[in-house]
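>>> Quick check, what structure comes out for this input:
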Amino acid sequence: MASSGSGRNGSSGEERQGIQPRYRRAFGCVTWINMAMLVFLAAAFLLPLPFRYVGDGTIFREIPERLTFVGLILILPGMAIGAALGARTYRVERRLGIRVGAGIGAIIGWTSFFVPAWLDTLPLLLLPLAALAAGLVLYALFATDKSFELRRRLVLIAAGLVAVAGAFELIVDFDVLGLTGAFFSTAAAAVGGWIAGSGYARAGGDAMIPPGATIKPREPRRKPR
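As a prediction, the model looks like this:
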């Protein structure tokens, strides 16, 4: 006779309950990454829209095309990192999640816009700076055993590295289109990161609230009479 914890096919009660909370959180983070990417692409189109009627419309024609290309390249790595991060971490307070998401999004947007130019301008110097910054950000995200202050400092250092590299590119080959594109790319990615951070703060439900956290579980919905 099968035990009470086994189903008809011999599976355990835990297996019948569905996937584990950390995997639900990983799937939720991937979903929010996709939503963030859609918001990024929408912002990349809407932000330069007023420039459609300025001059010959070059800014409106070229910037959304560049940012869309960047977004399509980043979506698969972003989903993989989001899934891994979701499976390894608990929920955080919403305010913290959106602040971190917007900040990291801004770093990604600024860096991604300049990478093609860095391939032509001192690639042996500027690309390693971008790679080091990416490594610092990833370490700060996944090093959950380190203090938040240390992780925040690492992200700020990464932001400083890519800011210097981007400023160097603007000084060496300055043009209004490049400056405007960098601004729109940073802003659009920050908006997308805001969305991703909001989802990161809630993915996984109440089962992924860390012990001792101030996050309040969601109240159950009342059934209609």
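
>>> how about stretch 61-71: buried residues?
Using 16 or more other Cβ atoms under 10 Å as the test for burial, stretch 61-71 gives 63-64, 66-67, 70-71. No exception for glycine: its C-beta is placed from N, CA and C like everyone else's.

>>> Let me know the closest of those residues to residue 164.
residue 70 (20.4 Å; Cβ to Cβ).

>>> The closest one in helix, strand or coil?
Using DSSP: H, G, I helix; E, B strand; the rest coil, the structure places residue 70 in helix.

>>> is it possible to export the buried residues of stretch 61-71 to CSV including pLDDT and distance to residue 26?
CSV is the format used below for those (pLDDT from 0 to 100; distance: Cβ to Cβ, whole Å):
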residue, pLDDT, distance to residue 26
63, 84, 33
64, 84, 31
66, 81, 31
67, 85, 27
70, 82, 25
71, 84, 22
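
>>> Put together JSON lines for those, with distance to residue 34 on each row.
JSON lines is the format used below for the buried residues of stretch 61-71 (distance: Cβ to Cβ, whole Å):
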{"residue": "63", "distance to residue 34": "23"}
{"residue": "64", "distance to residue 34": "19"}
{"residue": "66", "distance to residue 34": "21"}
{"residue": "67", "distance to residue 34": "17"}
{"residue": "70", "distance to residue 34": "16"}
{"residue": "71", "distance to residue 34": "11"}
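
>>> Got phi/psi on residue 174?
In terms of degrees, to the nearest 10, the main-chain angles of residue 174 are phi -80, psi 140.

>>> And the pLDDT at it?
We have a pLDDT of 85 for residue 174.

>>> That one: how many residues sit nearby?
9 (other Cβ atoms under 10 Å).

>>> now swap in residue 49 and tell me
10.

>>> so which of the buried residues of stretch 61-71 comes closest to residue 22?
Checking these against residue 22 with Cβ to Cβ, the nearest one is residue 71 at 27.7 Å.

>>> Contact partners for the closest one?
37, 40-41, 44 (Cβ atoms under 8 Å, 6 or more residues apart in numbering).

>>> Between all of those, which two are separated the most?
Going by Cβ to Cβ, the pair spanning these furthest: 37 and 44, at 10.3 Å.

>>> the more surrounded of those two?
Using other Cβ under 10 Å as the criterion, residue 37 and residue 44 rank with residue 44 on top: 26 against 20.

>>> Not including adjacent chain positions, what is the nearest residue to that one?
Excluding its sequence neighbours, the residue lying closest to residue 44 (Cβ to Cβ, 6 or more residues apart in numbering) is residue 67, at 3.7 Å.

>>> Any idea which residue is closest to the centre of the protein?
Centroid-nearest residue in the chain: residue 193, 4.7 Å away (criterion: Cα atoms, centre = their mean).

>>> Could you check how far that residue is from residue 143?
Going from residue 193 to residue 143 by Cβ to Cβ, to the nearest Å gives 19 Å.

>>> ok, now residue 151?
Taking Cβ to Cβ, one finds residue 151 at 6 Å from residue 143.

>>> Pick the one among the buried residues of stretch 61-71 closest to residue 126.
Using Cβ to Cβ, the buried residues of stretch 61-71 come closest to residue 126 at residue 70, 16.8 Å.

>>> contacting residues around the closest one?
112-113, 185.

>>> Most neighbours among those, which one?
residue 185 (27 neighbours).

>>> surely it meets residue 67?
Yes: assessed by Cβ atoms under 8 Å, residue 185 is found in contact with residue 67 at 5.6 Å.
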